[in-house]
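S.K.: Could you look at this predicted model? Sequence included:
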Amino acid sequence: METTTELKEEVVPLKSRIWVSGADGFVYLLQNIIAGGALTYYFTEIRGLDAFLAAIVWLLFGIWNAINDPLFGWISDRTKSGLGRRRPYIRYLAPFFGLCFILSWVNWPGSNLDQVAMFLQLLFLLFFFDILYTAIATSLYIMPFEMAVSNKARSSIIIWKILFSAIGMIIPLIVVPLILPGPGEDTSFFFMVMIIFGVFVAIFVVVSTYFYEEKNYVKEEEQISFFKAFKATFKNKSFLVYEIVSFSIIFVQTALFMGVIYYFKEFEISMLYTFLMLFIGIIIGLVLFVMKQESWGVKKSMTTMLCIFSFSCFLILFGGRFLIPVMIGFLGLGIGFSGGMFLIPLMNGDVIDKDEEMTGLRREGMYAGVNSFITKPAISLAQAAFLIIIAMFGYIQGKPEGTQSPMAETGIIVAWMLIPALLLLICFISMKMYPLAGPEWNETKARLAEIHKQKEKEYLEKHGIKYVE
């Protein structure tokens, strides 16, 4: 009879969990404001940039994303410093990240009503913002995998990440649409709020780096060349399934954030009731998947989440003019959002653990980079697709709120929900091919935990430090 080795329990200090999660959540907040539709709305509806030019900016930006992310992931894996492989990028780039966010809302001298100047400003700011975001967010995203190996220990970090990420999701979804000025309105208050966000996040992220650290042994591991590392990720079959899900979730989140801004400015649907249901759904999703993840496993939990998420998008797609279907749909969206935030990092961690079994190396940075190489264009595609679809349905830029034609209103709902619903359905089907589940995979995780313990012991003893379990 085959026995299963139990993973030794790991404990990550509470202060480490809170600070790394807070930094990740607040960086996610700024990214969601920029990439979730607010910046596009600001440039097209308030400043007057042609929507077609804005779509081109996002498509060009998507090409840059495909180059920049895997390169940084590889560089960070090879970084050696007293702070570790990830923390230097988080600590020293955070001030520039906050500054670039603030500059995104500044009207450059002479750029108003000049289509070329606004086009170049949007393109320039997106490029620099994303360079900084990639370095910081990638490092923060993979810190739980550097800090722990067991899903239980990682979950203890990810739960906190979800709580802070909820802030990063709720503010762009609810607060930003409320304070975002309409065409011709004063932008002073909105600009002041953006300054506060940028300064606060920069300071918080810098301070956070003094409260968490990576496992010691990974600092001295030698890494393979860039092209070998890039190729090796695609030999991991579980990674390919993960990428289908990851690409779709990023597309869906971007489309949903962007659609909210247009939807509630055009339809007389109660924001109070719908966002209350969203909040309830977030709580239900978090409780459900935290309680069931260990018994169900990542695969079954993810499949359940994708089914609920896809159904909710279809429900709003066909019933988006009526309050009750929208409320039920937002309940499901909340479950999908919180479920995705909790389960995707766990799925990613398992995929990276599988790679370690195959290569003998911890390559979180390269995996995060290649993941972004594939998925970051989803942000650009979601933005461009939304703008193109609403234009096809006759949406007119700059019109007062609530004055678009019925056809244009339909276009907003279609642009908002159709592609996300289909992508999530494809993900649900794809999860049947995901191989990392069951007793055999649990045995692999147990072996990796023992390997990590031995590597940590060898590293400490090499440097004259006694290893304590």
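M.R.: On my side now, so go ahead.
S.K.: In which helix or strand does Glu440 reside?
M.R.: helix 439-462 (DSSP states H and E).
S.K.: how far does that helix sit from the chain's center?
M.R.: In terms of CA atoms, centre = their mean, to the nearest Å, the centre of helix 439-462 is set 29 Å apart from its chain centre.
S.K.: Low-confidence bits of the stretch 351-469 of the chain, can you list those?
M.R.: For the stretch 351-469 of the chain, applying pLDDT under 70 flags the ranges 364-365, 456-457, 459-469.
S.K.: residue boundaries of the strands in it?
M.R.: For the stretch 351-469 of the chain, strands defined by DSSP state E, counting those that start in this stretch do not occur.
S.K.: CA atoms only for the helix holding Glu440 - export them in PDB, please.
M.R.: C-alpha atoms of helix 439-462 as PDB (Å, rounded to 0.1, in the frame of the first residue of the first chain):
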ATOM      1  CA  PRO A 439      -1.800  11.700  -4.600                       C
ATOM      2  CA  GLU A 440       1.200  11.500  -7.000                       C
ATOM      3  CA  TRP A 441       1.400  15.200  -7.200                       C
ATOM      4  CA  ASN A 442       1.200  15.500  -3.400                       C
ATOM      5  CA  GLU A 443       4.100  13.100  -3.200                       C
ATOM      6  CA  THR A 444       6.100  15.400  -5.500                       C
ATOM      7  CA  LYS A 445       5.300  18.400  -3.400                       C
ATOM      8  CA  ALA A 446       6.500  16.500  -0.300                       C
ATOM      9  CA  ARG A 447       9.800  15.600  -1.900                       C
ATOM     10  CA  LEU A 448      10.400  19.200  -3.000                       C
ATOM     11  CA  ALA A 449       9.800  20.400   0.600                       C
ATOM     12  CA  GLU A 450      12.500  18.100   1.800                       C
ATOM     13  CA  ILE A 451      14.900  19.300  -1.000                       C
ATOM     14  CA  HIS A 452      14.300  22.900   0.000                       C
ATOM     15  CA  LYS A 453      14.900  22.200   3.700                       C
ATOM     16  CA  GLN A 454      18.200  20.400   2.800                       C
ATOM     17  CA  LYS A 455      19.300  23.300   0.500                       C
ATOM     18  CA  GLU A 456      18.500  25.900   3.100                       C
ATOM     19  CA  LYS A 457      20.500  23.900   5.700                       C
ATOM     20  CA  GLU A 458      23.500  23.500   3.400                       C
ATOM     21  CA  TYR A 459      23.500  27.300   2.600                       C
ATOM     22  CA  LEU A 460      23.300  28.300   6.300                       C
ATOM     23  CA  GLU A 461      26.100  25.900   7.400                       C
ATOM     24  CA  LYS A 462      28.300  27.100   4.500                       C
END
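S.K.: Packing partners of that helix?
M.R.: Counting by 3 or more CB pairs under 8 Å, 6 or more residues apart in numbering; DSSP states H and E, the packing neighbours recorded for helix 439-462 are helix 323-359. In short, each C-beta sits where N, CA and C put it, glycine included.
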